[in-house]
Each structure stands twice: as C-alpha cells, then as structure tokens.
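> okay, sequence plus prediction incoming.
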Amino acid sequence: MARCVARELVEWSGVDAQRLVDLLVERALGEMGNYYYYTILRMHLVGVEGDALRRVVDDAREEDRNHFEALVTRIYELGGRLPATFASELGGLVALRNLPAEADVPQIIPILLKAAEESVRAYTQLCSATAGKDNRTYNLVLAILHEEIAHQVWLLEFLGRDARDGATHARNISPLVTPHLYSPQSAHLEVNSRTA
C-alpha cells in the first residue's frame, strides 16, 4: 500500500485515523441517504404550504449532496475508501426512515427536524474528536456543522411563519462547504484533462 502522508500526520497528532475514516464514511452514508430521502420526500410536498417547504428541502438536499462529495474527498485523502457494501448500506438506511405513503407537511416537518438534529449531533462529535489535532478534517466538519444548523433554522423558521410568505433563507447553496469540494488532487486532474 502506498504511503499516505495525510493519514500519518493525523495519527501523529493523536487521532485514530481508521476510526476517523470509519466515522467519515458513516457520515457520507448519512448525507447520501438524506439526499436520496429528500428527493423522494419532496414529491409529497404539494399545495401552497408544500411548495414553500419544498424550497427549503431542495436547498438542504443540494447541500447534503455537497457534504457527501466533500466527505468522500477527505476519506480518500486519508487513504480510506467507500466500502463495496456502501450502496446496500444506503438502501438499508433509507428504508429505516419509514416515510408514510401519503405524507403531508405536518407529518414531514418532524422527520426533517429529527434528521437535522441527528446530523448536528454527529458533526459536533466529529468536531470534538478532531479539534486541535486534524485541522483539515476539523475545518470541513465544522463547515458542514454550520450548514446543518442552518437546515434546522430554516425548518424552525418555516414552522414559525405563514408558509405562503415564501422561503426566508438565502439560496446560496453550501457557502461554507464549497471550498472543500475541490482537493488539490482534483484540481491537478482537472488541469491535466484540459491540457490533454
């Protein structure tokens, strides 16, 4: 196996690199699960109230896709890989959500809030595990944590206002995670593909 300097540095700082990779894979699974789940869920959002909530769900959905991509980049930087069973694990995760056959906005809001709360807890734990030890992972998970907190705020704002007023949040998708979407390796590959 080729030497992975990023992994060595993380281990040198006192972080169990394999445990960190496992946690990042778990979060990547969660983010992709949320993306898939929100894609299905948004089909239930109809009517004036549903249209307003769909804008919130669409933005959270796109940010979760970006979170997945940024996490996968860091997983590979640390010498990790997505497991061969990733797709089947994703299917199991999505099946656990128990989406009602005919869901409406009042049924969907608690499901969305619970998913956001779970993400906030998981990213807070990752921040605690990497603070002062692995700055690159810490900065990434902190950016994702801020965006997951924003998802919670969007949903709480939605609950506290007249849904016909339209979305109250800005539609600037992944402002904090976007810088993490492109690793130096992917930039190098992009330059080589342009010159080829």
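Nice, I can see it.

> tell me which other helices or strands the longest helix seen in the chain touches.
Ranked by residue count and defined by DSSP state H, the top helix of the chain is helix 47-77. Helix 47-77 is packed against helix 17-41, helix 105-130, helix 135-159, with contacts defined by 3 or more C-beta pairs under 8 Å, 6 or more residues apart in numbering; DSSP states H and E. C-beta here means a position set from N, CA and C on the backbone, and glycine is covered the same way.

> who touches the last one?
When you say that, I think you mean helix 135-159. 6, 10, 20, 24, 27, 52-53, 56, 59-60, 63, 67, 70-71, 74, 77-78, 109, 112-113, 116-117, 119-120, 123-124, 126-127, 130-132, 167-169, 174-177, 179-180 (C-beta atoms under 8 Å, 6 or more residues apart in numbering).

> that one: which residues count as buried?
Within helix 135-159, the residues scored as buried using 16 or more other C-beta atoms under 10 Å are 136-138, 140-145, 147-148, 150-152, 154-155, 158.

> ditto for the longest one
Taking 16+ other C-beta under 10 Å as the neighbour-count basis, helix 105-130 is seen to contain the buried residues 105, 108-109, 111-113, 115-116, 119-120, 122-123, 126-127, 129-130.

> residue ranges with poor pLDDT in the chain?
Applying pLDDT under 70 to the chain flags the ranges 1-2, 90-103, 161-172, 182-196.

> can you add distance to residue 87 and give the helices and strands packed on helix 47-77 back as a markdown table?
Compiled in a markdown table, the helices and strands packed on helix 47-77 are given as follows (distance: least, C-beta to C-beta, whole Å):
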| stretch | distance to residue 87 |
| --- | --- |
| helix 17-41 | 9 |
| helix 105-130 | 20 |
| helix 135-159 | 22 |
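
> quick check: which of these is nearest to residue 86?
Set against residue 86 and scored by C-beta to C-beta, the helices and strands packed on helix 47-77 come closest in helix 17-41, at 6.7 Å.
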